[in-house]
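Colleague: What follows is a protein structure lacking sequence information:
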């Protein structure tokens, strides 16, 4: 499911990306790699706030739609 649809307060793993070389380079430049575990801190309209390895990142809605994630430990899907 797209990161944009992920529920707040849950943990997810990045499983794939949608888009061309430029968007992938931007995503990789933020250390968002396949297999990375992220926490969704805020996902209510506007940018998505995530935690990754002790850092916090804001992602715009368009970019959040290009990152596909899967819940960790049986978390619910959707937001």
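Modeller: Structure's in. What do you need? This one's a predicted model, so the numbers in the text were calculated from it and none came from an experiment.

Colleague: What segments of this protein are helices?
Modeller: 21-29, 61-65 (DSSP state H).

Colleague: So for residue 36, which of those sits nearest?
Modeller: Closest of these to residue 36 is helix 21-29, at 10.1 Å (criterion: C-beta to C-beta). In short, each C-beta sits where N, CA and C put it, glycine included.

Colleague: contacting residues around that closest one?
Modeller: 17, 63, 66-67 (C-beta atoms under 8 Å, 6 or more residues apart in numbering).

Colleague: And the residues you listed, which of them are buried?
Modeller: Buried members of the contacts of helix 21-29, scored by 16 or more other C-beta atoms under 10 Å, are 17, 63, 66-67.

Colleague: Skipping its backbone neighbours, what lies nearest residue 56 in space?
Modeller: residue 49 (6.2 Å; C-beta to C-beta, 6 or more residues apart in numbering).

Colleague: The one you found and residue 22, how far apart?
Modeller: 23 Å (C-beta to C-beta, to the nearest Å).

Colleague: Any regions of the chain where pLDDT drops low?
Modeller: Along the chain, the parts satisfying pLDDT under 70 run over 74-79.

Colleague: And the strands in it?
Modeller: Remark: strands assigned in the chain by DSSP state E are 11-17, 37-42, 48-52, 55-59, 67-71.

Colleague: Please spell out which residues along the third one are buried.
Modeller: Neighbour-count burial for strand 48-52, counted by 16+ other C-beta under 10 Å, picks out 48-50, 52.

Colleague: do the same with the last one
Modeller: With burial defined by 16+ other C-beta under 10 Å, the residues of strand 67-71 counted as buried are 67-69, 71.

Colleague: quick one: which of the residues you listed is nearest to residue 9?
Modeller: Out of these, the member with the shortest distance to residue 9 (by C-beta to C-beta) is residue 71, at 11.6 Å.

Colleague: How about the closest one: which residues does it bridge to?
Modeller: residue 12 (DSSP bridges).
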